[in-house]
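A.B. asks: Predicted coordinates and the sequence they were generated for:
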Amino acid sequence: MPEDLPLALVAQVHELLPAGTRVVVLGDGACDGTRLQAALPASHWSCVVRTGRHVTVTWDGEPFRCETLGACSKPGTLVALREAHVTRDAYGPVLLRCCWATDGQEPRYFLTNRADAAEACRLDAKRFRMETFCSDQKSRGLHLHRSHVADPTRLSRLCMAACLAYLWIIHLGALCEQGHQNGLIHRRHCCDLSVFPRGLRWLDYVLNEGDAIPVAFYVVL
């Protein structure tokens, strides 16, 4: 993803939020660009973003790659380097943390401008609440990544329509669960589908069977 896109998003959202709003940017490796990280303090925002093991880090005057830090770790450990500088441009100082979950196959690396490594870990855990929505909107559901829409106005309209469709499909999935129709779209003894793919399967089923499609739902604001 071009770094200009998240930069433009930060500028747009900053104008919409009331002054003094506390914001934490959470992201994967697409958000670890130094230009984006440099722009956040000006908005008084903090960030916790994942970075790659190949990224160059300079700490205590010694340059090395993130994977070197992981090679010195083991499952169940958290290593935090304060006052680190990253990339060949030596952007920083930032807090670099190497987190290797007890059941993880490899360590993960994160950059943050927050002072507390444990707090950064807690905030990063919230990102995975959004991951399901993103995959439902893209490869696991509505396939927005195939739209090839580049115009911001057209893209915003498409996203609004996709979010309304998302709510409807979630509604169908909930109805499927409440009405005990899971056995019609999935194996009967257990169901490992989340609500969204369950709703998609139920929609496909009623379309094939010619049944009435429930279209009414309520959104409480």
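C.D. replies: Perfect, I can see it now. Note that the coordinates shown come from a computational prediction; the quantities given were computed from them, not determined experimentally. Numbering: from 1, shown residues only.
A.B. asks: Next up, the contacts around Cys176.
C.D. replies: With contacts defined as C-beta atoms under 8 Å, 6 or more residues apart in numbering, the neighbours of Cys176 are 182, 185, 198-199, 201-202. C-betas here are computed from N, CA, C, even on glycine.
A.B. asks: how about 10 Å then?
C.D. replies: Shown here is Cys176, whose contacts under the criterion C-beta atoms under 10 Å, 6 or more residues apart in numbering are 182, 184-186, 191, 193, 195, 198-199, 201-203, 205-206.
A.B. asks: And those residues, which is closest to Ile169?
C.D. replies: Out of the contacts of Cys176, the one with the shortest distance to Ile169 is Gly199. That distance is 3.9 Å, counting by C-beta to C-beta.
A.B. asks: Looks to me like the closest one is in a strand.
C.D. replies: No. Note on Gly199: no strand contains this position according to DSSP: H, G, I helix; E, B strand; the rest coil, which reports helix.
A.B. asks: Excluding sequence neighbours, find me the nearest residue to it.
C.D. replies: Distances taken as C-beta to C-beta, 6 or more residues apart in numbering place Gly173 nearest to Gly199, at 3.2 Å, with adjacent residues excluded.
A.B. asks: Let's test this: mean pLDDT of whichever helix or strand the one you found is part of, rounded?
C.D. replies: Element membership for Gly173 (DSSP states H and E) is helix 152-178. Confidence over helix 152-178, taken as the mean pLDDT, stands at 86.
A.B. asks: Need phi/psi at Arg97.
C.D. replies: Geometry field for Arg97 lists phi and psi as phi -130, psi 140, criterion degrees, to the nearest 10.
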